[in-house]
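1. Predicted model, plus sequence, below.
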Amino acid sequence: MTRGTIRKETLPNGITLLTERMPHVRSVTLGIWLRRGSRHEPPSLNGASHFIEHLVFKGTESRSAREIALAVDSIGGQMDAFTSKEYTCFYAKVLDDHVTDAVDLLSDIVLRPLFDATELERERKVIVEEIRMVEDAPEELVYDMFSTHFYPGHALGRPIQGTEGTVGGLSRKRLLRYFRDNYVPANILIVATGNVSHTALARLLAKTFGRMPRGGRREPGGRPPRTRGGIVTCPKKELEQLHLLMGVPAFPERHAQRYPLFVLNALLGGTMSSRLFQKVREERGLAYSVYSAVNAFRDAGVLMVYAGTSPDKGDELLSVVRDELRDLHDKGPSAREVEVAKEHLKGSLMLSLESTSSRMSNLARQEMYHGRTFSMEEILLRLDRVTRAEVHGMARRVFRPGTPALAVVGRTRTLKAIRSGFSL
């Protein structure tokens with residue numbers, strides 16, 4: 001399939017290849033995406049995807065960890081990886097002269113990792129320290145707490161990195177089995193953006209990823225989660241700030257009304273002129289960091305509000321947030337707020353897509369969630385068509401009266417909302 005500068009092809013073994021040619025740049029970003037993340041793990045294997053993401057860089061059948069690092073540095077490139085709830089990505093950004101080297105490196109670590117027993121035990125210690133670091137990073141800790149509480153008993157609520165207990169139980173045998181079961185063509189999407197030839201890249205990939213035997217199948221990722229409200233706390237007397245994360249159910253990634261939701265989020269807490277930034281920070285001086293965000297998955301979504309404040313100001317901050325949500329529910333935003341939010345979203349999108357790495361990630365997410373790519377013109381048109389009435393309707397749907405979920409980390413003893421409850 002060809003659409004302008006974007007080409008899509010399915011390799012004979014089932015791997016999807018997607019490219020976007022950008023002849024005006026000298027770089028190429030190549031990403032190997034796996035349609036597997038922490039939500040696809042059974043409880044006893046929580047953290048396996050993240051563990052494997054670490055291990056593949058620790059040596060392959062032909063390269064040591066040091067040789068992998070030297071290979072990247074010797075071509076002036078960048079290579080990294082990340083694991084999310086629903087996918088894993090390995091990527092390299094290189095000059096267009098080094099696309100062959102990027103394919104060679106990425107195919108080596110993704111297809112032929114050694115899983116050396118000594119390196120595995122060493123990396124297990126590194127990951128345990130990473131898990132412990134979250135305890136010292138309250139903004140990350142409050143998110144993990146919120147997710148576990150908001151999605152009770154569901155894989156979306158489990159931490160991506162796993163727990164000390166689950167990571168401690170991940171033997172080499174179990175990790176290898178999980179790797180072989182999931183790193184199959186049906187789950188692999190390869191995306192390249194920049195000054196790259198689709199035909200030339202397809203030829204290179206045929207010699208590496210194209211040799212993978214067809215087999216395995218794409219699993220949907222389990223049942224949709226149920227959500228719950230209420231408060232969960234983690235007292236930490238040593239913290240100077242109280243970290244609060246409040247959230248309400250929203251919509252999945254593919255929902256037809258996602259554009260009004262994006263606009264609502266932007267005018268609520270996504271910009272410097274947003275309601276929460278102006279009310280909480282500029283007018284009241286209650287927080288340095290305050291924002292809202294949308295987290296959307298295949299079959300679920302949440303709109304969240306985060307803020308860090310002094311322990312004695314927590315109730316006041318929550319009151320201000322509640323007032324803004326109620327006002328948006330009852331009266332809706334002004335026409336001016338909607339227009340500013342739409343222009344902000346359009347500008348941010350266009351600026352971000354000047355980067356080959358951002359374009360690569362954007363194309364990959366579109367393909368994984370929608371099975372197609374959206375042109376810039378189509379996205380901008382959809383944003384332009386969002387009306388004030390649609391945004392108000394969205395606010396009425398997501399900010400309904402009731403009990404939202406609230407996670408709190410810090411000196412929680414002074415927060416009256418813990419004893420009296422918090423509702424919209």
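-> Arrived safely.

2. Please report how far residue 272 lies from residue 304.
-> 19 Å (CB to CB, to the nearest Å). Any C-beta I mention is one placed from the backbone N, CA and C, and that applies to glycine too.

3. Sorry, slip of the keys, the one I care about is residue 149.
-> Taking CB to CB as the measure, residue 149 falls 12 Å from residue 304.

4. just residue 41 next, same as before
-> 23 Å.

5. same question, residue 335
-> On the measure of CB to CB, residue 335 and residue 304 end up 26 Å apart.

6. Who has more neighbours out of residue 272 and residue 304?
-> Taking other CB atoms under 10 Å, residue 272 and residue 304 do not tie; residue 304 has more neighbours (23 against 9).

7. For the more buried one, give me its contacts.
-> 146, 245, 246, 247, 292, 293, 294, 295 (CB atoms under 8 Å, 6 or more residues apart in numbering).

8. What mean pLDDT does the helix or strand hosting it get?
-> Remark: residue 304 resides in strand 301-309, with elements defined by DSSP states H and E. Per-residue pLDDT values over strand 301-309 give a mean of 98.

9. next one: stretch 392-402
-> Mean per-residue pLDDT for stretch 392-402: 97.

10. just stretch 75-91 next, same as before
-> 97.

11. Endpoint to endpoint, it covers what distance?
-> 15 Å (CA to CA, to the nearest Å).

12. Then stretch 40-50?
-> One end of stretch 40-50 to the other measures 12 Å (CA to CA).

13. The stretch 51-200 of the chain: helices as residue ranges?
-> 65-73, 99-111, 117-135, 138-150, 164-168, 172-182, 198-206 (DSSP state H, counting those that start in this stretch).

14. and residue 158, which of the ones you listed is closest to it?
-> Set against residue 158 and scored by CB to CB, the helices of the stretch 51-200 of the chain come closest in helix 138-150, at 7.1 Å.

15. Could you check the angle the closest one makes with strand 301-309?
-> Here the directions of helix 138-150 and strand 301-309 differ by 140 degrees (axes from the mean of the first three to the mean of the last three CA atoms, to 10 degrees).

16. Same question for helix 138-150: list its buried residues.
-> 138, 140, 141, 142, 143, 144, 145, 146, 147, 148, 149, 150 (16 or more other CB atoms under 10 Å).

17. Please apply the same query to stretch 149-168.
-> 149-151, 154-162, 166-167.

18. can you give me the end-to-end distance of that stretch?
-> Stretch 149-168 end-to-end distance (CA to CA) = 23 Å.

19. And the average pLDDT for that stretch is what?
-> Computed over stretch 149-168, the mean pLDDT rounds to 97.

20. again with stretch 41-53
-> Mean predicted confidence for stretch 41-53 is 97.

21. cool, stretch 237-248 as well?
-> Across stretch 237-248, the per-residue pLDDT values average to 95.

22. Run through who's touching that stretch.
-> Stretch 237-248 has contacts (CB under 8 Å, 6+ apart) with 138-139, 141-143, 145-146, 150, 302-311, 313-314, 317-318, 321, 398-400, 404-412, 415, 422, 424.

23. how about a cut-off of 7 Å?
-> For stretch 237-248, contacts defined as CB atoms under 7 Å, 6 or more residues apart in numbering pick out 138-139, 142-143, 146, 150, 302-311, 314, 317-318, 321, 398-399, 404-411, 415.

24. Buried members of the residues you listed into PyMOL, please.
-> To isolate the buried members of the contacts of stretch 237-248 in PyMOL, using 16+ other CB under 10 Å:
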select buried, resi 138+142+143+146+150+302+303+304+305+306+307+308+309+310+311+314+317+318+321+398+399+404+405+406+407+408+409+410+411+415
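
25. and residue 372, what does it touch?
-> residue 366.

26. wait, is it part of a strand?
-> No - applying DSSP: H, G, I helix; E, B strand; the rest coil, one finds residue 372 to be coil, outside a strand.

27. Looking at it now. What's its pLDDT?
-> For residue 372, pLDDT reads 93.

28. where do the strands sit along this structure?
-> Listed in chain order, the strands of the chain (DSSP state E) span 2-3, 6-10, 16-21, 27-34, 78-83, 88-95, 188-194, 230-235, 242-249, 290-296, 301-309, 405-410.

29. Contacts for stretch 68-85 next, please.
-> Contacts to stretch 68-85, defined as CB under 7 Å, 6+ apart, come from residues 37-39, 49-50, 53, 57, 63, 89-95, 98, 101-102, 105, 109, 156, 160, 297.

30. how far does it stretch from start to finish?
-> 27 Å.

31. and what of stretch 165-184?
-> Stretch 165-184 stretches 28 Å from its first residue to its last (CA to CA).

32. which parts of it are buried?
-> Buried residues in stretch 165-184, counted by 16+ other CB under 10 Å: 166, 167, 170, 175, 178, 179, 182, 183, 184.

33. Pull the distance from that stretch to the chain's centre.
-> Relative to the centre of its chain, stretch 165-184 is centred 22 Å away, using CA atoms, centre = their mean, to the nearest Å.

34. now stretch 63-80
-> Distance of stretch 63-80 from the chain centroid (CA atoms, centre = their mean) equals 25 Å.

35. What are the buried residues along it?
-> So for stretch 63-80, counting by 16+ other CB under 10 Å, buried means 63, 65, 68, 71, 72, 75, 77, 79.

36. ok, the fourth one to residue 95 distance?
-> In other words, residue 71. For residue 71, the distance to residue 95 - CB to CB - is 14 Å.

37. Residue 155 against residue 39, yeah?
-> Yes - under the criterion of CB atoms under 7 Å, residue 155 makes contact with residue 39 at 4.1 Å.

38. Touching both of those two, which residues are there?
-> residue 222.

39. quick one: contacts for the residue nearest to residue 415 when sequence neighbours are not counted?
-> Distances taken as CB to CB, 6 or more residues apart in numbering place residue 314 nearest to residue 415, at 4.6 Å, with adjacent residues excluded. Counting by CB under 7 Å, 6+ apart, residue 314 touches 242, 244, 415.

40. With distance to residue 199 as added columns, please give those residues in CSV.
-> Formatted as CSV, the contacts of residue 314 follow (distance: CB to CB, whole Å):
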residue, distance to residue 199
242, 57
244, 52
415, 61
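
41. Check the burial of residue 204 by counting its neighbours.
-> For residue 204, the number of neighbouring residues by other CB under 10 Å comes to 18.

42. is it true that it touches residue 103?
-> Yes - proximity of residue 204 to residue 103 meets the contact threshold set by CB under 7 Å, at 4.7 Å.

43. where does residue 5 land on pLDDT?
-> 88.

44. Tell me how many other residues crowd it.
-> 12.

45. follow-up on the earlier one: switch the helices of the stretch 51-200 of the chain over to CSV; also include distance to residue 365.
-> Shown next, in CSV, are these (distance: least, CB to CB, whole Å):
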stretch, distance to residue 365
helix 65-73, 24
helix 99-111, 19
helix 117-135, 25
helix 138-150, 20
helix 164-168, 27
helix 172-182, 19
helix 198-206, 20
